[in-house]
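K.L.:
I need the structure of the sequence given here:
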Amino acid sequence: MNRKMKQDTKTLTVNLICQVEGSQRLHSLRALMLSDYGLKDLPADILKHMKSIKTLDFSRNNLTTFPEVTLKTLETLDISENNIDSIDFVKNLPNLKQLMVEGNPNIQTSHKIEAVLKCPSLMKIDGDDLDSIHRQIQHIKEKWKLQVQAKFEVLYEDRFTEDMSEEEFQKAVSEFKAIVRSDDLFASANSETEKIIIEQLVTEVAEEVHSGRHFRSDVQTPRTPRSARLSRKLSATSPKTSDSSATTPKRNKSRNHSSLLDSPTLKMPQSPISPISTPHNRKRRRDSDQGELTQKSKRDRKYSPLTWMVRKNTVVDHDLISLPSVPDYDPVYFLRCHSEGNDPSDEVTKVWRCAFEPSIEDPEKTTNMLATCGGQTVCLIDCNTGKVMKRYKDSNKYECFYTMAWTTVQLNNNRKEKTNLLAVAGQSADIKLIHPSQFVMYATLEGHRKYVSCLTFHPNHPTILFSGSNDRKIIIWDIGIPNMRDYTVLFKKLHVLQAPDTDALNLVLSMPSQTLLAGCEDSCFGWKADNINKISRDPDYQFYLPTVSSDGESNVSTERETVDGLAALKNGYVVNKCVGDDIISVWNVKDQLSNNDRAHKRKVKAHIRSVGVKPAALLHYTTQDVDYINMGTNKEMMVVGDDSGNLRLYNVNELTNRKSKSCDDIMRPSRVLEWPEIAEGPMKQFCQKEVVIVNSACVSHDGEYVACGTDNNLVCVWRQIRDSSEEEMMLD
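P.N.:
Prediction:
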């Protein structure tokens with residue numbers, strides 16, 4: 001057909017099909033290619049007769065809709081470069097595998113998600129696999145599932161029994177859907193996609209109850225590490241209050257640590273919950289009604305040839321050895337600055353990391369500016385005033401920042417000025433570089449395929465960045481130095497390291513031994529890092545850490561541990577925490593490598609040497625089944641939170657100054673800062689949580705401030721208590 005005839009074509013007709021395909025037998029037509037014909041209308045009466053059609057190409061036309069017609073055999077549909085504004089028609093294409101919609105100005109990512117939900121057979125959209133879309137769907141499901149479950153428990157759980165008929169079951173599901181549609185929960189869903197997912201969740205929850213699976217204690221429902229921190233029954237939430245982001249709390253010396261499981265119901269929030277913030281492939285121990293630590297499955301368990309038993313019996317308080325004391329602290333500011341839509345009642349967004357900004361003059365010291373990340377947001381907070389000075393919000397609404405790292409670089413100018421840079425990363429797998437003076441995101445590093453769990457900069461090479469991801473890769477980057485006039489920068493990927501069958505949760509560079517350590521989901525690994533250009537892809541060492549048994553058995557545990565806490569101290573010492581252990585180990589990396597050179601020649605693999613760690617000190621922690629709690633350190637002190645909102649402070653100055661030697665004495669914390677009670681202010685009703693999980697904590701270089709981020713969307717700042725004479729000296 002010539003160009004003029006194409007331009008005159010407005011509506012699909014049988015004659016047009018005959019001219020293009022040479023046949024009017026629509027029922028036997030298998031492919032129809034009508035790209036660039038100026039079509040504006042596709043009559044359903046013609047399409048419905050195509051009983052054998054497999055491929056349709058209507059790209060580069062002027063279509064605004066695709067007809068509501070069922071085509072059971074259609075596998076490929078190309079409607080790219082039109083003016084389509086709805087994708088609802090895919091529900092009528094039960095075997096569609098490939099859909100092309102790019103070039104339609106009104107089709108957004110949300111439409112593609114909707115297409116996948118309405119057409120489960122889809123395998124590709126615009127030539128791309130659907131992995132990222134399925135991840136986004138999973139995020140939205142996790143965002144709403146807990147609320148749908150809670151609403152179901154309160155209103156409908158008792159009506160579903162295993163012996164009810166299918167008709168009774170479907171009727172009850174329909175009634176529950178009708179209630180949810182009219183409920184504030186459904187009204188707060190801000191997209192058609194979320195509404196579809198909520199209806200799917202209603203059906204899924206009802207089917208689980210009908211089959212007897214839902215809420216049974218003997219069934220391990222898949223949970224994610226972050227969402228598992230929320231019990232299926234939460235305490236009733238308090239109503240909203242007005243603005244104000246900070247308030248001054250009051251210490252409470254006697255908290256009632258009652259369980260969330262005692263709460264009879266869940267009061268639904270009146271506003272949308274923040275974007276889900278869950279690395280969805282991690283596993284977490286489930287809550288136990290008996291309070292016992294749920295053990296990891298023995299199936300597929302990998303065993304260690306070198307694991308050291310440090311004690312056999314439960315620690316008694318009077319058996320603990322005292323560490324040097326540290327000053328007391330007062331909680332001075334509680335801030336809720338990571339909420340979605342600045343909603344002060346948002347208790348779901350989690351603050352995952354916090355870190356004090358280094359001093360430009362001396363990077364070994366810190367300023368009083370605190371960076372925090374959680375949800376879509378990165379904040380910079382002045383700890384002197386409790387004010388949020390700057391705030392970066394990512395444009396990707398599915399982003400959730402899990403980790404951050406500071407560095408100080410020298411600019412490429414004649415004045416040899418220095419500036420701080422902040423790297424942040426999380427669910428999107430991209431690493432964002434931020435300049436704190438304007439809080440502008442000036443570069444994005446793309447290399448990981450799954451969420452990024454940890455970041456750290458090389459202490460001696462400030463542009464060298466290490467990133468650990470759920471894709472089981474550790475990438476070494478040179479982030480370059482930005483041009484401060486236009487923020488242009490040249491960065492590059494240097495190396496990709498492989499963590500064996502596990503992903504890194506924390507990264508530490510121990511400089512005396514020139515070793516990169518990775519605390520992982522399964523064990524702890526190390527790489528020789530004396531020459532970054534020659535670093536090996538696979539680890540050089542596997543460290544077997546001391547484990548703890550609280551019973552009287554003398555058997556040595558051979559299970560490999562999840563190392564969810566790892567931080568550097570001075571003089572080559574590191575401190576690590578394993579999930580489920582009530583002991584934190586302090587050990588010197590260089591000494592362990594030297595000792596094992598003489599004592600152990602055994603290999604885990606041909607190129608990985610096993611290193612049995614004998615700690616220089618053991619710090620008493622607390623028994624809990626919550627994982628992914630990060631520690632913070634300065635030269636003299638280590639701080640770590642727990643699942644009760646408390647902060648444990650350890651004075652490790654003497655430990656790291658002495659010569660390393662094996663020690664099995666257990667030392668109590670220098671001080672425990674208990675979760676405070678909010679005495680007054682608009683934040684009072686939002687901080688009366690019975691269970692508060694501290695995700696991470698940090699301490700300024702001089703110990704003036706301690707800060708933490710929590711699971712209920714709070715940034716907490718504690719200030720060292722000084723007597724009047726000390727304050728006068730500081731003022732002078």
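
K.L.:
CA-only coordinates of stretch 441-457 in PDB, if you can.
P.N.:
In PDB, the C-alpha atoms belonging to stretch 441-457 read as follows (Å, rounded to 0.1, in the frame of the first residue of the first chain):
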ATOM      1  CA  MET A 441      22.600  14.300  44.200                       C
ATOM      2  CA  TYR A 442      25.200  14.800  41.500                       C
ATOM      3  CA  ALA A 443      25.900  11.200  40.300                       C
ATOM      4  CA  THR A 444      24.400   7.700  40.200                       C
ATOM      5  CA  LEU A 445      26.600   4.600  40.200                       C
ATOM      6  CA  GLU A 446      24.900   1.600  38.500                       C
ATOM      7  CA  GLY A 447      26.400  -1.800  38.800                       C
ATOM      8  CA  HIS A 448      24.500  -4.000  41.300                       C
ATOM      9  CA  ARG A 449      21.500  -6.000  40.300                       C
ATOM     10  CA  LYS A 450      19.800  -6.200  43.700                       C
ATOM     11  CA  TYR A 451      19.600  -4.000  46.800                       C
ATOM     12  CA  VAL A 452      22.700  -2.600  48.300                       C
ATOM     13  CA  SER A 453      23.200  -3.400  52.000                       C
ATOM     14  CA  CYS A 454      26.500  -1.700  52.900                       C
ATOM     15  CA  LEU A 455      28.900   1.000  51.900                       C
ATOM     16  CA  THR A 456      32.400   2.000  53.100                       C
ATOM     17  CA  PHE A 457      35.200   4.200  51.900                       C
END
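
K.L.:
list the buried ones in it?
P.N.:
Across stretch 441-457, burial judged by 16 or more other Cβ atoms under 10 Å covers 441-443, 445, 447-448, 450-457. For glycine as for every other residue, the C-beta is placed from the backbone atoms N, C-alpha and C.

K.L.:
narrow those to those in strands?
P.N.:
441-443, 445, 452-457 (DSSP state E).

K.L.:
now, which of those sits nearest residue 69?
P.N.:
residue 452 (44.6 Å; Cβ to Cβ).

K.L.:
so what pairs up with that closest one in the strands?
P.N.:
Beta-bridge pairing of residue 452 under DSSP bridges involves residue 469.

K.L.:
so residue 614 touches residue 585, yeah?
P.N.:
No. With contacts defined as Cβ atoms under 8 Å, residue 614 does not count as touching residue 585, sitting 9.3 Å away.

K.L.:
neighbour-wise, which of those two wins?
P.N.:
Neighbours of residue 614 and residue 585, each counted by other Cβ atoms under 10 Å, are more numerous for residue 585; the result is 25 against 21.

K.L.:
residues contacting the more buried one?
P.N.:
The contact partners of residue 585, by Cβ atoms under 8 Å, 6 or more residues apart in numbering, come to 545-546, 575-577, 613, 615, 617-619.

K.L.:
ignoring the adjacent residues along the chain, who's closest to it?
P.N.:
Leaving out its chain neighbours, the residue that sits closest to residue 585 by Cβ to Cβ, 6 or more residues apart in numbering is residue 615, at 4.1 Å.

K.L.:
where in the stretch 251-400 of the chain is pLDDT low?
P.N.:
Scanning the stretch 251-400 of the chain for pLDDT under 70 picks out 251-319.

K.L.:
how about the helices in the stretch 601-732 of the chain?
P.N.:
Listed in chain order, the helices of the stretch 601-732 of the chain (DSSP state H, counting those that start in this stretch) span 653-657, 724-731.

K.L.:
rank the ones you listed by mean pLDDT and give me the bottom one.
P.N.:
Mean pLDDT values for the helices of the stretch 601-732 of the chain show the minimum at helix 724-731, a mean of 52.

K.L.:
how about the strands of the stretch 101-250 of the chain, start to end?
P.N.:
Using DSSP state E, counting those that start in this stretch, the strands of the stretch 101-250 of the chain run over 124-125, 128-129, 246-247.

K.L.:
state the mean pLDDT of the first one.
P.N.:
Along strand 124-125, the predicted local confidence has a mean pLDDT of 90.

K.L.:
for it, packing partners?
P.N.:
strand 98-100, helix 109-118 (3 or more Cβ pairs under 8 Å, 6 or more residues apart in numbering; DSSP states H and E).

K.L.:
also the second one?
P.N.:
In terms of contacts (3+ Cβ pairs under 8 Å, 6+ apart), strand 128-129 is not packed against any helix or strand.

K.L.:
avg pLDDT for it?
P.N.:
84.

K.L.:
touching, residue 76 and residue 55? I think so.
P.N.:
Yes. Between residue 76 and residue 55 a contact is recorded at 4.5 Å, counting by Cβ under 8 Å.

K.L.:
identify each buried residue in stretch 107-120, please.
P.N.:
Going by 16+ other Cβ under 10 Å, stretch 107-120 has these buried residues: 107, 111-119.

K.L.:
go on, stretch 658-674?
P.N.:
Here stretch 658-674 shows 660, 663, 666-671, 673 as buried, counting by 16+ other Cβ under 10 Å.
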